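K.L.:
one predicted model, sequence on top.
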Amino acid sequence: MLAECSRSLPRGRFAYIADMSLASRSKSLCLTFDVEEFDLPADVGVNLSRTLRRDIAREGGERLLELIPLLGPFTCFVTGTFARRHPGLVGRLAAAGCEIACHGLDHGDRYGSFSSSELMRRLSRARELLQENSGQEVTGHRGPRFSPAPEQVLLEAGFSYDSSIHPTWVPGRYNHLLRPLNPQRSRAGLWQVPVTVLPVTRLPLSWIWFRNYPEALLRLTTRSLARRSALICVYFHSWELCDLNSKAGGLPWPVRRNTGPALTRRLEGWAAALEDRGFASRCNLDSFISSQG
């Protein structure tokens, strides 16, 4: 059984987990993976064949299965398109103990371009595909590229939490510097679980940043996070578990750096260092939300 997270929460307009960094509270690490189409090459102006892109997306899902015994369980935010192409793989991830959550119908979706009714239709279809292939009730959502969805649409589509806030600034993508750092629940009942960033500076900690930071800096993050956080929620993409240096050498160096086995080694070392600082529980986000009552 996973170690149970703290249940005590202050009440108000939002239920903030503002005091969970106290040493007496349990500390949990949640590794999340966006399991999606490998469409990043188009974002950086690199032309890869459709076959190669689909092969990398599929292989990433298979590599994620291999990682579960080492660092799982995970929350896997899966697109409806990936689930339609690889239903058996989604089922195997669920059977191995991962939570299957929704990453939209297609990774190319831009929620702001849809009406509320169209967005509801697409999210409902994505959730239906994921539930059919995983055998789980899908309660979590993360927008493609952190695309925000209206709270009421998410609730009506059947979701109980959203992890679409990355409280940092990514030039050309989003500026979430003023968004909350800690999980909170709205009056309507939807939980918001932000991705963890570095304390004070709000520097990103997940995917490409995690792979490109010096290892000495990553070791330092464990100390600062242990003092200030009780839940660490970071995100990666399943395709990062493929060695992109050998498969997609035309991509920019920072995108390829420390992918494949190198990422696995980094994650293992970082998770072990966090465990030494009290993050003994590894949980998925649904388990964390359920523990909050």
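P.N.:
Thanks, I have the structure now. Residues are numbered from 1 along each chain as shown.

K.L.:
which stretches of the stretch 101-250 of the chain form strands?
P.N.:
Remark: strands assigned in the stretch 101-250 of the chain by DSSP state E, counting those that start in this stretch are 140-141, 161-162, 169-170, 174-175, 184-185, 191-192, 231-237.

K.L.:
how about the helices in the stretch 151-293 of the chain?
P.N.:
The residue ranges that make up the helices of the stretch 151-293 of the chain, judged by DSSP state H, counting those that start in this stretch, are 151-156, 207-212, 215-228, 244-247, 253-256, 261-276, 285-291.

K.L.:
ranking the strands of the stretch 101-250 of the chain by mean neighbour count, which comes first?
P.N.:
Ranked by mean neighbour count, the strands of the stretch 101-250 of the chain are led by strand 140-141 with a mean of 25 (mean count of other C-beta atoms under 10 Å). Glycine gets a C-beta too; all of them are placed from N, C-alpha and C.

K.L.:
now that strand, how far from the centre of its chain.
P.N.:
For strand 140-141, the distance from its own C-alpha centre to the chain's C-alpha centre is 10 Å (C-alpha atoms, centre = their mean, to the nearest Å).

K.L.:
got it, and stretch 280-293?
P.N.:
Centroid separation for stretch 280-293 versus its chain: 14 Å, with C-alpha atoms, centre = their mean.

K.L.:
burial measure for the nearest residue to Pro150 once chain neighbours are set aside, as a count.
P.N.:
Nearest in space to Pro150, with sequence neighbours left out and distances taken as C-beta to C-beta, 6 or more residues apart in numbering, is Ser116 at 6.5 Å. Look at Ser116: counted by other C-beta atoms under 10 Å, it has 13 neighbours.

K.L.:
which ones are touching the closest residue to Val46 other than its chain neighbours?
P.N.:
Nearest-residue entry for Val46: Gly250, 5.0 Å, with adjacent residues in sequence omitted and distances by C-beta to C-beta, 6+ apart. The neighbours of Gly250, taking C-beta atoms under 8 Å, 6 or more residues apart in numbering as the test, are 41, 46, 48.

K.L.:
reduced to three states, what does the second one come out as?
P.N.:
Of the three states, Val46 takes coil according to DSSP: H, G, I helix; E, B strand; the rest coil.

K.L.:
and for it, the neighbour number?
P.N.:
Here the neighbour count serves as a burial measure; for Val46 (other C-beta under 10 Å) it reads 14.

K.L.:
circling back to that earlier point, most packed of the helices of the stretch 151-293 of the chain?
P.N.:
Comparing the helices of the stretch 151-293 of the chain on average neighbours per residue, with mean count of other C-beta under 10 Å, the densest one is helix 285-291 at a mean of 20.

K.L.:
on the three-state scheme, Cys76 is what?
P.N.:
Per three-state DSSP, the secondary structure class of Cys76 is strand.

K.L.:
separation between it and Ser238?
P.N.:
As judged by C-beta to C-beta, to the nearest Å, Cys76 and Ser238 stand 8 Å apart.

K.L.:
name the residues contacting each of these two.
P.N.:
Shared contacts of Cys76 and Ser238, defined by C-beta under 8 Å, 6+ apart, comprise 33, 35, 64.

K.L.:
which of the residues you listed sits closest to Glu156?
P.N.:
Val35 (24.4 Å; C-beta to C-beta).

K.L.:
check contacts around Tyr174.
P.N.:
Each residue near Tyr174 by C-beta under 8 Å, 6+ apart is listed here: 145-146, 166.

K.L.:
just among the residues you listed, which is most surrounded?
P.N.:
Among the contacts of Tyr174, the one with the most neighbours (other C-beta under 10 Å) is His166, at 23 neighbours.

K.L.:
ok, now which ones touch the nearest residue to it once chain neighbours are set aside?
P.N.:
Nearest non-adjacent residue to His166, counting by C-beta to C-beta, 6+ apart: Val195, 4.6 Å away. With contact taken as C-beta under 8 Å, 6+ apart, Val195 is in contact with 32, 163, 165-167, 205-206, 233-235.

K.L.:
can you rerun that using 10 Å?
P.N.:
Taking C-beta atoms under 10 Å, 6 or more residues apart in numbering as the definition of contact, the neighbours of Val195 are 30, 32, 142, 146, 163-168, 176, 181, 204-207, 232-235.

K.L.:
what of Trp207?
P.N.:
Contact analysis of Trp207 by C-beta under 10 Å, 6+ apart lists 33-34, 195, 234-237, 240, 255, 263.

K.L.:
widest-spaced pair of those?
P.N.:
When C-beta to C-beta is used, the two most widely separated members of the contacts of Trp207 are Val195 and Val255, lying 19.0 Å apart.
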